[in-house]
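**Student:** Generate a structure from the sequence data that follows.
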Amino acid sequence: MPLPARPRHTIYRAHEALDGVPLIVDGWAARVIRFSDGRRQILSFVLPGDLISTSAVFAGSFGFFVEAITAVRYISYAREEFNGFLASDPELAGALLSACLAEKDEADRLAANLGRRRAEERIASLFLHLRDRLQVCGLVRDERFACPLRQKHIADATGLTPVHVNRVLGTLRQSGLVDLADGELTIADLPGLRQLADMR
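**Tutor:** Alright, predicted model coming up:
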């Protein structure tokens with residue numbers, strides 16, 4: 001039976017013992033580093049069908065917090081049960097390996113964004129990353145998809161301030177690249193957005 005979590009609810013705290021291998025069924029969550037002065041860095045977003053982190057398969061805790069962005073439902077497989085699935089299903093083992101590599105790619109993208117990309121490039125990269133992930137799940141229609149992120153979430157994921165994010169979103173909208181409104185993101189110019197993000 002899936003477990004519920006309210007928006008802004010902390011699903012897991014950093015370093016607390018895990019009760020199994022958790023997977024998001026519905027809703028959006030985020031992996032978050034919290035600082036003592038209230039600042040946050042969103043490491044990545046966890047979407048429907050994702051393991052909260054592949055590290056749960058190998059370790060008994062996370063080094064980060066997991067927060068619900070929207071209402072979330074999640075399930076947690078007993079580690080022994082999950083390992084049994086892996087041993088008996090080569091396709092599942094391959095999917096786990098792919099998920100591990102995807103998490104590494106996300107870490108590399110975040111390092112490049114925070115280290116070298118300009119503000120508009122960071123946000124363009126984030127939107128393209130979400131678009132590509134949701135498209136695999138069949139959740140993108142005519143380059144439009146549900147995006148419940150507030151400017152604060154985007155700021156915490158890109159190392160910017162909400163004021164700066166607001167300014168960049170306005171520029172992207174005026175340039176005819178994207179529009180984020182009413183919980184939906186529309187990519188009006190996909191090639192232009194890819195060029196802006198300098199993603200090759």
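**Student:** For the rest of this, base every contact and every neighbour count on C-alpha atoms.
**Tutor:** OK.
**Student:** list the buried ones in the lowest-mean-pLDDT helix or strand in the chain?
**Tutor:** Lowest by mean pLDDT, DSSP states H and E among the helices and strands of the chain is helix 79-88, with a mean of 87. For helix 79-88, the neighbour count (16 or more other C-alpha atoms under 10 Å) marks R79, N83, L86 as buried.
**Student:** ditto for stretch 145-164
**Tutor:** 145-149, 151, 153-160, 162.
**Student:** which helix of this protein spans the most residues?
**Tutor:** helix 90-115 (DSSP state H).
**Student:** The following helix or strand past it - contacts with which helices or strands?
**Tutor:** Following helix 90-115 in sequence order, the next helix or strand is helix 119-136 (DSSP states H and E). The contact analysis (3 or more C-alpha pairs under 8 Å, 6 or more residues apart in numbering; DSSP states H and E) places helix 119-136 against helix 90-115, helix 151-158, helix 162-174, helix 190-197.
**Student:** so which of these comes closest to C137?
**Tutor:** Smallest distance to C137 across the helices and strands packed on helix 119-136 (C-alpha to C-alpha): 14.2 Å, for helix 90-115.
**Student:** center of the protein, which residue is that?
**Tutor:** For the chain, F45 is the residue whose C-alpha lies nearest the centre (C-alpha atoms, centre = their mean; 1.4 Å).
**Student:** is it true that that one touches R31?
**Tutor:** Yes - counting by C-alpha atoms under 8 Å, F45 touches R31, with 6.3 Å between them.
**Student:** where are the low-confidence patches of this protein?
**Tutor:** For the chain, applying pLDDT under 70 flags the ranges 199-200.
**Student:** one step back: CSV please, covering the buried residues of helix 79-88 and showing distance to E103.
**Tutor:** Putting the buried residues of helix 79-88 into CSV (distance: C-alpha to C-alpha, whole Å) gives the following:
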residue, distance to E103
R79, 20
N83, 20
L86, 19
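**Student:** what about the residue of the chain most remote from its centre, distance to A155?
**Tutor:** Farthest-out residue of the chain from its mean C-alpha position, per C-alpha atoms, centre = their mean: S88, at 29.2 Å. Separation of S88 from A155 (C-alpha to C-alpha, to the nearest Å): 42 Å.
**Student:** what does G183 give?
**Tutor:** 16 Å.
**Student:** what's in contact with the helix or strand encompassing I42?
**Tutor:** Here I42 sits within strand 40-46, counting by DSSP H and E. For strand 40-46, the surrounding residues in contact (C-alpha atoms under 8 Å, 6 or more residues apart in numbering) are 24, 28-34, 52, 106-107, 110, 153, 156-159.
**Student:** Does P2 touch D26 like I think?
**Tutor:** No - applying C-alpha under 8 Å as the test, P2 and D26 come out as separate, 9.3 Å apart.
**Student:** More neighbours: which of the two?
**Tutor:** Higher neighbour count among P2 and D26: D26, with 18 against 13, using other C-alpha atoms under 10 Å.
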